[in-house]
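Sequence first, predicted coordinates after that:
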Amino acid sequence: MLVHFVTDEPTKIPAIRAMLEPRYHIVPQLLGAGDTQISSNGVLMVDADLRKEVRVEQIRLVLRKLSRISEKLFVVQNHLRSMVAQAYALGATSVVSRPREIIFKLAQIEVAEKAAKTAVAPPEITDSAAAFASMFSAVRAGKAIKLSDAERATSQIINSIMQNGLTPWLEEVRRYHEGTFQHCLLVTGVAVGFALDIGFASPDVKRLGMAATFHDLGKAHIPLSILDKPGRLDPGEEEIMRRHPAIGYDLLKDIPSMGPEILDGVRHHHEYLDGSGYPDGLTAPEISDLVRLLTISDIFAALIEVRPYRPPMLRQDAYKILCGMDGKLERSLVKAFRNVALVA
C-alpha cells in the first residue's frame, strides 16, 4: 500500500521509513520544497506543525490535488487540542499520535482496501479480463489463439465506453486488476476512447480496438521475472522485453481473418516518427495512422496505470509528457488526444 507522507521536517522522513517500510511504500514530500508527484492512490499521512499558518496553507495546496484520496491520516504529537481541530478542519479522516497508533490505523486501512478489492467487478471488466487471460494462457501453453476471445473483449470495451465514458472504465480497471492485464485493458480502453472522440466510424473503432487488444500478446513469451520486475530493467532485460512486438506479430500473422492493420499495430506500436523506436526502426513515412494512435494510447496508459512500486501518474501530468515527445509522436494527434487525456 502506498503512503504519501507529507511533512515539514526532513528528519521525519527516515524515521517514518524505518517504521513502515518495507510493508508500505513511502512516497515523501517536504512542504515548501517544490511540487512532488502525488497520485489519487494510497493513503495520505501528514505530519506538520498545524499551529503555523504557512504550513496550513501549504497543506491546503497539497490537498487540492488529493481530493480523491479517501484516507487522510494526520499525526498530531500528544493530541494537542488546537492541532487536532485544525487537522479535522483540513479534512483528516483520522488523527493519531504514537507510532503504534499509526501502525494500527494503517493496518485497518489495508484490511479495508483488501476487502474492497474482493468486491465483484463489473461484468464487462470481468469478461474482458477473462478473454485476455484465455489468450495469454493459450500462448504460454502453445495452443491456438481464439480470435473470438479478442473480438468479445474489444466489443465489450467499446460498448462500455460508449455507454459510460472512458473515466469510469479506467477507474474500474485500476481498482480490480494489476500487471499486464491491467495495462492491456487500459490501452484498449484509451485507444477506443480516442477513436470515438475523433469520430471514427464503427469498423475503424473496432480495428484500432482489436490492435490494442492484441498489442502486447507477445509478452506471454517474456519471462515473468522480467515482466513483473518491480523497477527499471537492466540492459539485458530491456533487450528481451523489446522482443515482444515481433513475438506478438509472429503469433498472429498466420491466423485467418487477421487484418494487416491489426498486425501492423501489434508489430509497430513502439515505433517513433524519428526512427528511434523498435523493432524495425521505422520513420514517419513508414508509420501508419493506426500505429500513431495506438502508440499514444499505449504510452498514456502505461503512465497512468497502478504499479506496486510507484503511484499512477495524474492524467494531466501524463499528457504533459506526451506533449514533450514532439518529433517522436505526431503533434496534431497529441493535440487531438487532449480531450481524451483530460476530460473523457
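Good, I have the coordinates.

switch to C-alpha atoms for all contacts and neighbour counts from now on
Noted.

residues contacting the one residue sitting closest to the centre of the chain?
Nearest residue to the geometric centre of the chain (Cα atoms, centre = their mean): residue 305, 0.7 Å. When the contact criterion is Cα atoms under 8 Å, 6 or more residues apart in numbering, the partners of residue 305 are 174, 182-183, 186, 312-313.

Which of those residues fall in helices?
Those of the contacts of residue 305 mapping onto helices are 174, 182-183, 186, per DSSP state H.

got a winner among those residues for most neighbours?
residue 186 (29 neighbours; other Cα atoms under 10 Å).

which residues does that one contact?
Residue 186 makes contact with 170, 173, 301, 305 under the criterion Cα under 8 Å, 6+ apart.

Greatest separation within the residues you listed: which pair is it?
173 and 301 (11.3 Å; Cα to Cα).

of those two, who's got more company?
residue 301 (27 against 24).

which SS class is the more buried one?
helix (DSSP: H, G, I helix; E, B strand; the rest coil).

give the contact list for it.
Residue 301 makes contact with 183, 186-187, 190, according to Cα under 8 Å, 6+ apart.

Go through these and name the one nearest residue 259.
When the contacts of residue 301 are compared for distance to residue 259, the smallest value, 19.3 Å, is given by residue 187; criterion: Cα to Cα.

is it true that that closest one touches residue 214?
No. Applying Cα atoms under 8 Å as the test, residue 187 and residue 214 come out as separate, 10.2 Å apart.

So for those two, which residue has more residues nearby?
residue 187 (29 against 25).

from what I can see residue 170 touches residue 191, true?
No. Between residue 170 and residue 191 there is no contact, the gap being 11.8 Å when judged by Cα under 8 Å.

These two: which is more packed in?
Neighbour totals were compared for residue 170 and residue 191, and residue 191 leads with 32 against 20 (other Cα under 10 Å).

is it true that that one lies in a strand?
No. With three-state DSSP as the criterion, residue 191 is located in helix rather than a strand.

For residue 324, what are phi and psi?
Reported as degrees, to the nearest 10, the phi and psi values for residue 324 are phi -80, psi 0.
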